[in-house]
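> only geometry, no sequence info:
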């Protein structure tokens, strides 16, 4: 099996976030071609992404990788993993952006206490 690089994952997540690849199209692709449950697949991809991010030597790029991992973890409903990824961000600016994104998602869902605690 060919290993996925963190750069490829970051590019995929950026394309999803920018709208170039819609969540619906990605879901349809996964349902049509993958027998693994979506939640399990997302957790496995994020595990590979975390492992790859840990190996990045440059603090700036490692911070960017963990920022994307935090956002995707939160969007997939894994709030603990999102917070853990945000905590792993070395760069103060990107760490604050990750926690801001987590807080915004909590606020959108109406959980203002969790948004404040994020």
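Right, received. Where do you want to start? Because the structure is predicted, anything quoted here is derived from the model rather than measured. Numbers count the residues shown, from 1 in each chain.
> for stretch 109-118, measure first residue to last.
The first and final residues of stretch 109-118 sit 14 Å from each other (CA to CA, to the nearest Å).
> distance between it and the chain's centre?
Relative to its parent chain, stretch 109-118 has a centroid offset of 19 Å by CA atoms, centre = their mean, to the nearest Å.
> got the buried residues for that stretch?
115, 118 (16 or more other CB atoms under 10 Å). Quick note: C-beta positions are derived from backbone N, CA and C, even for glycine.
> what segments of this protein are helices?
Secondary structure of the chain (DSSP state H): helices located at 6-18, 23-33, 38-54, 59-75, 79-87, 92-108, 112-117.
> flag whichever of the ones you listed has the least confidence on average.
Mean pLDDT values for the helices of the chain show the minimum at helix 23-33, a mean of 65.
> residue 50 and residue 112, how far apart?
Shown here: residue 50 relative to residue 112, a distance of 29 Å by CB to CB, to the nearest Å.
> picking that back up, deepest of the helices of the chain, which one?
helix 59-75 (a mean of 22; mean count of other CB atoms under 10 Å).
> tell me what that one is packed against?
Counting contacts by 3 or more CB pairs under 8 Å, 6 or more residues apart in numbering; DSSP states H and E, helix 59-75 packs against helix 6-18, helix 38-54, helix 79-87, helix 92-108.
> which of those helices sits closest to residue 68?
Nearest to residue 68, of all the helices and strands packed on helix 59-75, is helix 6-18, at 4.9 Å by CB to CB.
> residue 52 contacts residue 62, doesn't it?
No. Using CB atoms under 8 Å, residue 52 is not in contact with residue 62, being 9.8 Å away.
> quick one: residues contacting residue 113.
Not one residue lies near residue 113 by CB atoms under 8 Å, 6 or more residues apart in numbering.
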